[in-house]
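>>> Next one to model:
(one chain, ligands or ions: 1)
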Amino acid sequence: MQPAAPALDDRIPVHVLTGFLGSGKTTFLRHLLGEPDFADTAVVINEFGEVGLDHLLVREVSEDAVLLSSGCLCCAVRDDLVSTLADMFEMVRRGEVEPFRRVVVETTGLADPAPIMQAVMSDLRLRRGYRAGTIVSTVDGVGGAGTIARFAEAVQQVALADRVVVTKSDLAEPWRLDALRNDIAAINPTVSQLVSSKAKMPGAGALFESTGDRRPRYLDASDGPLYGRHSAGVETFVVEVAAAVDWPAFVDWLELLLASRGQSILRVKGLLSVAGDSRPVVIHGVQHVVYPPEYLPRWPDGVSGGWLVFIARDLSRSAIENSLPSIFASTP
Ligand SMILES: Nc1nc2c(ncn2[C@@H]2O[C@H](COP(=O)(O)OP(=O)(O)OP(=O)(O)O)[C@@H](O)[C@H]2O)c(=O)[nH]1
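Numbering: from 1, shown residues only. Next up is the predicted model:
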């Protein structure tokens, strides 16, 4: 008698998209969600600050992105992820939402992916409907080597990845990319490394496909010194910017701030109203780099005034607020 073929596992894979602050997770995810291969993908986004931006950007391409805010998935809001996934499954079962074929969880930039994957896979309710997917980690082609050298979180994200996407290759010199790829290989010798440019990457459709039968690395990570911990002193705060800003003055202010305090400011992002334009402007700064602004077609529902979120070390909210007045457009 022939041995029975192994039963096909038709549970929904939960993939984790991780990567250090500003390394390009959301940009890459938005691009993927626009590809036909990624139709039927449910997205759960976790952000640090009291206000989230990434889910607003992802909703431009996929209406149903769910935001888990106010804490990091790997340490503070793990239970929220478990109950969100359970609710999503129930809603599909009751026919309240369209079925989905995969879930992608985008973590905060400081997250350890191991406790996230473990929380999902150790919950008996979830295990009936979901299975562990792939861990994909983005690494910033420009600043990645520096963050790997300075932040244990960046090392952990690479160490546990099944695939690494080196982003921003359009901005980085070839020698820098080669050196970074060597750093990544030194941390995780068997990981497959892919390179993307402005979120475009050959073979992106297969990004979350299984990497084979290898025992997942996250299973062995629970006794490591990094498990679910964050580098000391990293804090987040939100600065409200209710009035319209004068664009040239704002750019000068942000460039000066990041040039002088880029070692402290790991990430700044936000949504602003700019004098003379009705569209909200999305702002991105990553360490010393200010990225080109992006316009949203309209203000998202429920959002009116602007704000900036900072993720920083040794930087106070009052220092930022005191320097802000220079950016506002003067009223005629
Ligand atoms: N030129 C260029 N810019 C990129 C690329 N990928 C991302 N960016 C820019 O880098 C900035 C940060 O990208 P995000 O996608 O927001 O990064 P993230 O990892 O989601 O950020 P956090 O969630 O805050 O940690 C944005 O201004 C992006 O437009 C790329 O391949 N090329």
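>>> and the protein, which of its residues are near the ligand?
Residues of the chain lying close to the ligand by C-beta under 6 Å from any ligand atom are 19, 21-27, 54, 109, 167-168, 170-171, 196-199, 267, 269, 284, 286, 291. (Each C-beta comes from the backbone N, C-alpha and C, glycine too.)
>>> Strands - which of those land there?
Gly19, Thr167, Arg267, Lys269, His284, Val286 (DSSP state E).
>>> Which pair of these spans the longest distance?
Greatest spacing in these, by C-beta to C-beta: Thr167 and Lys269 (15.8 Å).
>>> out of the two, which sits in the busier spot?
Legend: neighbour count by other C-beta atoms under 10 Å for Thr167 and Lys269, higher for Thr167 (28 against 23).
>>> Give me the spatial nearest neighbour of the more buried one, chain neighbours excluded.
By the measure of C-beta to C-beta, 6 or more residues apart in numbering, the closest residue to Thr167 outside its immediate chain neighbours is Gly24, 3.6 Å from it.
>>> What are the phi and psi values at the one you found?
Gly24 adopts backbone torsions of phi 110, psi 20, taken as degrees, to the nearest 10.
>>> Would you confirm that it contacts Ala199?
Yes: counting by C-beta atoms under 8 Å, Gly24 does reach Ala199; the two are 7.0 Å apart.
>>> Report the set of residues contacting both of these two.
Common neighbours of Gly24 and Ala199 (criterion: C-beta atoms under 8 Å, 6 or more residues apart in numbering): Thr167.
>>> what's the burial count for Arg93?
11.
>>> Contacts only, for the residue nearest to Thr167.
Thr138, Asp140, Val165, Thr167, Lys168, Ser196, Ala199.
>>> in the chain, which segments are predicted with low confidence?
Applying pLDDT under 70 to the chain picks out residues 1-7, 49-51, 60-64, 69-71, 73-77, 212-215, 219-230, 329-332.
>>> tell me what the longest strand along it is packed against?
Secondary structure of the chain per DSSP E: the longest strand is strand 130-140. The contact analysis (3 or more C-beta pairs under 8 Å, 6 or more residues apart in numbering; DSSP states H and E) places strand 130-140 against strand 12-19, strand 102-106, helix 113-121, helix 152-159, strand 163-167.
>>> From the residues of the chain next to the ligand, keep the buried residues only.
Among the residues of the chain next to the ligand, the ones that count as buried by 16 or more other C-beta atoms under 10 Å are 19, 21-27, 54, 109, 167-168, 196, 199, 267, 269, 284, 286.
>>> and the one helix or strand Val92 maps to, how far from the chain's centre?
When elements are defined using DSSP states H and E, Val92 is found to belong to helix 78-93. Here helix 78-93 shows a centroid-to-chain-centroid distance of 20 Å under the convention C-alpha atoms, centre = their mean, to the nearest Å.
>>> can you tell me how far Thr190 sits from the ligand?
Here Thr190 is placed at a distance of 24 Å from the ligand (C-beta to the nearest ligand atom, to the nearest Å).
>>> That residue: neighbour count?
9.
>>> sorry, back to before: so which of the helices and strands packed on strand 130-140 comes closest to Glu235?
Per C-beta to C-beta, nearest to Glu235 of those: helix 152-159, 14.5 Å.
>>> For that closest one, buried residues please.
Ala152, Glu153, Ala154, Val155, Gln156, Gln157, Val158, Ala159.
>>> for the third one, what are its contacts?
Think Ala154. Phe20, Val139, Gly144, Thr147, Ile148.
>>> The last one contacts Asp183, doesn't it?
Meaning Ile148. Yes: using C-beta under 8 Å, Ile148 is in contact with Asp183, at 5.5 Å.
>>> Which of these two has more residues huddled nearby?
Counted by other C-beta under 10 Å, Ile148 and Asp183 do not tie: Ile148 has more neighbours, with 22 against 16.
>>> and Arg127, how many neighbours?
Neighbours of Arg127 (other C-beta under 10 Å): 13.
>>> host element of it?
Here Arg127 is assigned to helix 124-129, by DSSP H and E.
>>> which residues make contact with that helix from outside it?
Taking C-beta under 8 Å, 6+ apart as the rule, helix 124-129 contacts Arg11, Ile12, Val82, Leu85, Ala86, Phe89, Val120, Met121.
>>> Check which residues of whichever helix or strand comes after the longest strand of the chain are buried.
Note on strand 130-140: by DSSP H and E, the next helix or strand toward the C-terminus is helix 144-150. Residues of helix 144-150 classed as buried by neighbour count (16+ other C-beta under 10 Å): Gly144, Ala145, Gly146, Thr147, Ile148, Arg150.
>>> swap in stretch 161-179?
Quick answer for stretch 161-179 (16+ other C-beta under 10 Å): Ala161, Asp162, Arg163, Val164, Val165, Val166, Thr167, Lys168, Ser169, Ala172, Arg176, Leu177.
>>> which among the residues you listed gets closest to Asp277?
Nearest member of the buried residues of stretch 161-179 to Asp277, counting by C-beta to C-beta, is Lys168, at 26.7 Å.
>>> Excluding chain neighbours, what is closest to the closest one?
Going by C-beta to C-beta, 6+ apart, Lys168 has Gly141 as its nearest residue, at 4.1 Å.
>>> which ones are touching that neighbour?
Val166, Thr167, Lys168, Ser169, Leu171, Ala172, Arg176, Leu177, Leu180, Val195.
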